[in-house]
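Novice: Got a sequence here, can you build the structure:
(chains A and B)
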Amino acid sequence: MKFSKEFRDPELGKRLLERIHRRSRKPARLMEFCGGHTVAIFKNGLRQLLPANIKMLSGPGCPVCVTAAADLDKAIALAVTPGVIVTSFGDMIRVPGSRTSLQQAKAEGADVRVVYSAQDALAIARANPGKKVCFIGIGFETTAPTIAASILQAEAEGLKNYYVQSLHKVCPPIMRAILDRGEVALEGIICPGHVSAVIGSRPYDFLASDYGIAGAVAGFEPLDILLAVDMLVEQIESGQPEIAIAYRRGVRPEGNPAAIKLMERVFEASDANWRGIGRVPGSGLSLRPEYEHYDAEKNFEIDPGPAVEPQGCLCGAILRGVSTPLECRLFRRVCTPQNPVGPCMVSAEGSCATYYQYGDDDLKGDKIGGV
Amino acid sequence: MCLAVPALIKTVDGQQAEVDIDGISREVSLQLTPDARVGDYVLLHTGYAISIIDAAEAEETLKLLKELGEAT
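Specialist: Okay, the predicted model is just below:
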């Protein structure tokens, strides 16, 4: 596809890697925030190709992975409510909740349907006027505007049976929270590409100004990521952090104003509960009061009971960049993509699933992360 | 989750568009990119165009990549 394959040129990649090897001298611990970047880095073997002083660690940018067990339990409780159809993006239905999963609930008779788009959920609502259709709204700023658009479309059509459980999360506050915890020391962050297509690069300015951390927004092709690493190396070597954009074909400093406007019309900032991290002020998106008749949590009586985290699962520490999957005793032994214990093994972009799929013995001694 | 792929807009009908993704046709929403026109490439995420791809910037980035690769 145009705008993808040009950014996979192996010869250009080789030359860019040589440049990075020539210029990078200082220790550089770089977190790729986004799970999509983790997959792209592993798939292209980039970790092994970078110089030894550059350490890549994975961040919390996987919406399925960071959904707290308590919030998933509510989605499952919605699914077993009579007269309700729950619609969800695919990965979410396999994540084990405290007692069961959406997939298990479906096997036991709940009406749970996997959708590709919020538009599909709207279509299900239109086709089932006698049912209440709840969409499990997970995702960062990339996805939240699409859910906002679906709510506005439901309003325009007068659809009365469409609801959203808003578990949306936003990136800048969680980056700050992770840095403030002081568990990981970082010199640079590869900022998410498609979140930034919506919000732009400016919301990350605090990384450089408040924390002295280098930043670069990256796309998802190997050359996009290498260019971002090169930009981070430049900033780290010169001691002049800023937020650069290595993905200018898709990301502008100001983002996509139409998408931001739509998102802000429907949602407002709220506290959110993150798996392994806990409650982070201002890191979530809730429906504004004028749209609360679309809010699943406000329109259904659900009491899923106390949340229980899976025993021995290191997903929380992995999401904070403190541990790697290789340090988890369950990884590959008990926890596999076929039989996942924690969400990081379920999601295709979860760190555990990525290590499982692409990791090799070179990574066995991997102690990246932690101070 | 935040996966988005380039898609070429073939036809526009109000807020809906038909796009081509490597030969596959799909109907998508332009609610988030009201300025998108036929012939534009957009980044497509879960059935919605989230950004119009800037072809000139793509060229600039490729040029920069070539320059960086040549400099010693």
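Novice: Show me where chain A dips below the pLDDT cut-off.
Specialist: Applying pLDDT under 70 to chain A flags the ranges A:360-371.
Novice: Grab the longest helix from it for me.
Specialist: Longest helix of chain A, by residue count under DSSP state H: helix A:222-238.
Novice: Could you point out the helix or strand that follows that one?
Specialist: Using DSSP states H and E, the next helix or strand after helix A:222-238 towards the C-terminus is strand A:243-245.
Novice: Quick one: distance of that following strand to the chain centre.
Specialist: Here strand A:243-245 is found 20 Å from its chain centre; the criterion is CA atoms, centre = their mean, to the nearest Å.
Novice: can you check stretch A:166-174 too?
Specialist: Relative to its parent chain, stretch A:166-174 has a centroid offset of 9 Å by CA atoms, centre = their mean.
Novice: Outside of it itself, list whatever touches it.
Specialist: A:33, A:60-61, A:63, A:66-67, A:71, A:75, A:136-141, A:143-144, A:147, A:191-192, A:195, A:199, A:203-204, A:206, A:267, A:269, A:272, A:274, A:277, A:280-287, A:295, A:297 (CB atoms under 8 Å, 6 or more residues apart in numbering or on different chains). All C-beta spots, glycine's among them, are computed from the backbone N, C-alpha and C.
Novice: Now the buried members of those residues.
Specialist: A:33, A:60-61, A:63, A:66-67, A:71, A:75, A:136-141, A:143-144, A:147, A:191-192, A:195, A:199, A:203-204, A:206, A:267, A:272, A:274, A:277, A:280, A:283-287, A:295, A:297 (16 or more other CB atoms under 10 Å in any protein chain shown).
Novice: now, which of those residues lie within helices?
Specialist: Residues of those located in helices (DSSP H): A:Pro63, A:Val66, A:Asp71, A:Ala75, A:Ala144, A:Ile147, A:Val195, A:Ile199, A:Phe206, A:Glu297.
Novice: secondary structure class for B:Ala49?
Specialist: For B:Ala49, the secondary structure call by DSSP: H, G, I helix; E, B strand; the rest coil comes out as strand.
Novice: Kindly list the main-chain dihedrals of A:Gly316?
Specialist: According to degrees, to the nearest 10, the main-chain angles of A:Gly316 amount to phi -60, psi -50.
Novice: Just give the number of residues close to the residue nearest to it when sequence neighbours are not counted.
Specialist: Leaving aside its sequence neighbours, A:Gly316 sits nearest to A:Gly276 (CB to CB, 6 or more residues apart in numbering or on different chains; 2.2 Å). By other CB atoms under 10 Å in any protein chain shown, 22 other residues sit near A:Gly276.
Novice: For A:Gly276, give me its contacts.
Specialist: Counting by CB under 8 Å, 6+ apart, A:Gly276 makes contact with A:Pro60, A:Val66, A:Cys315, A:Gly316, A:Ala317, A:Ile318, A:Leu319, A:Arg320.
Novice: any idea how far it is from A:Pro337?
Specialist: Distance of A:Gly276 to A:Pro337, given as CB to CB, to the nearest Å: 20 Å.
Novice: Also near chain B: which of the contacts of stretch A:166-174, exactly?
Specialist: With CB under 8 Å from any CB of the partner chain as the criterion, the contacts of stretch A:166-174 include A:Gly61, A:Pro63, A:Ile138, A:Gly139, A:Phe140, A:Thr143, A:Pro192, A:Val195 near chain B.
Novice: Let me know the closest of those residues to chain B.
Specialist: Nearest to chain B among these: A:Pro63, at 4.5 Å, using CB to the nearest CB.
Novice: Hmm, B:Leu3 and that closest one touching each other?
Specialist: No: the pair A:Pro63 and B:Leu3 does not pass the contact test of CB atoms under 8 Å, sitting 11.3 Å apart.
Novice: what about the most centrally placed residue in chain B, helix or strand, and which?
Specialist: Closest to where the C-alpha atoms of chain B average out (CA atoms, centre = their mean) is B:Val42, at 2.2 Å. Using DSSP H and E, B:Val42 maps to strand B:41-45.
Novice: contact partners of that strand?
Specialist: Residues contacting strand B:41-45 (CB under 8 Å, 6+ apart): A:2-3, A:142-143, A:146, A:194, A:197, A:250, B:2-9, B:19, B:21, B:26, B:28, B:30, B:33, B:36, B:49-53, B:55.
Novice: Just the buried subset of those residues, please.
Specialist: Among the contacts of strand B:41-45, the ones that count as buried by 16+ other CB under 10 Å are A:3, A:142-143, A:146, A:194, A:197, A:250, B:2-4, B:6-9, B:19, B:28, B:30, B:33, B:36, B:49-53.
Novice: Make sure A:Leu57 is actually in contact with A:His37.
Specialist: No: counting by CB under 8 Å, A:Leu57 sits too far from A:His37 to count as a contact (11.3 Å).
Novice: where in chain B is pLDDT low?
Specialist: For chain B, applying pLDDT under 70 flags the ranges B:72.
Novice: still on that earlier bit, what's the nearest residue to the residue nearest to the centre of chain B if we skip its chain neighbours?
Specialist: B:Ala49 (3.7 Å).
Novice: just B:Thr11 next, same as before
Specialist: Setting aside the residues directly before and after it, B:Thr11 is nearest to B:Glu18 in space (CB to CB, 6+ apart), at 4.7 Å.
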